[in-house]
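Asker: sharing a sequence plus its predicted fold:
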Amino acid sequence: MDGLHDADGLIGGHCATCDRRHFPLARWCPWCGTEGAVEVRLATEGTLWAWTAVLAPPPGYAGEVPYGFGVVELPADGLRVVTRLTEADPAKLSFGQPMRYVPGDGVWEFEPA
């Protein structure tokens with residue numbers, strides 16, 4: 001995969017100094033600036049926080065449109081992650097809807113649980 005995710009989930013970091021998690025994994029904690037974050041797997045289940053449909057392909061994108069795009073909150077990790085969504089129809093999504101991680105080919109996505 002790409003170092004951001006694998007079949008088991010998103011790869012994040014945990015800072016021992018401030019006890020917070022971040023995504024993606026970074027050498028420095030984005031919250032307190034301490035070096036030496038430890039690699040962790042983030043939760044594979046969360047809730048939908050924001051969403052839209054991408055109707056026009058971004059520059060350089062060769063995949064299909066439309067596709068879902070949104071923010072999924074991972075309460076267990078204290079994070080919200082920007083992600084593709086398997087559902088492209090915004091009318092089929094709702095705030096707080098349960099979502100689960102789906103490993104894709106070169107991308108990660110969340111789908112309605």
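Answerer: Yep, that arrived.
Asker: what helices and strands are in contact with the helix-or-strand element of the chain with minimal mean pLDDT?
Answerer: Using mean pLDDT, DSSP states H and E, the weakest-scoring helix or strand in the chain turns out to be strand 5-6, at a mean of 91. For strand 5-6, the contact count by 3 or more C-beta pairs under 8 Å, 6 or more residues apart in numbering; DSSP states H and E identifies strand 98-103 as packing neighbours. Backbone N, C-alpha and C define where each C-beta goes, glycine included.
Asker: next one: the residue nearest the centre of the chain from residue 72, what distance?
Answerer: Geometric centre of the chain, nearest residue: residue 81, 3.9 Å, by C-alpha atoms, centre = their mean. Residue 81 sits 6 Å away from residue 72, taking C-beta to C-beta, to the nearest Å as the criterion.
Asker: shared neighbours of these two, which are they?
Answerer: Counting by C-beta atoms under 8 Å, 6 or more residues apart in numbering, the contacts common to residue 81 and residue 72 are residue 46.
Asker: report the contact partners of the residue in the chain sticking out farthest from the centre.
Answerer: Relative to the mean C-alpha coordinate of the chain, counting by C-alpha atoms, centre = their mean, the farthest residue is residue 17 (23.6 Å). By C-beta under 8 Å, 6+ apart, residue 17 lies in contact with 29, 32, 34.
Asker: does the second one touch residue 22 like I think?
Answerer: No: in this structure, residue 32 is not within contact of residue 22 by C-beta atoms under 8 Å, at 10.3 Å.
Asker: overlap of the contact sets of these two?
Answerer: By C-beta under 8 Å, 6+ apart, residue 32 and residue 22 have these common neighbours: residue 15.
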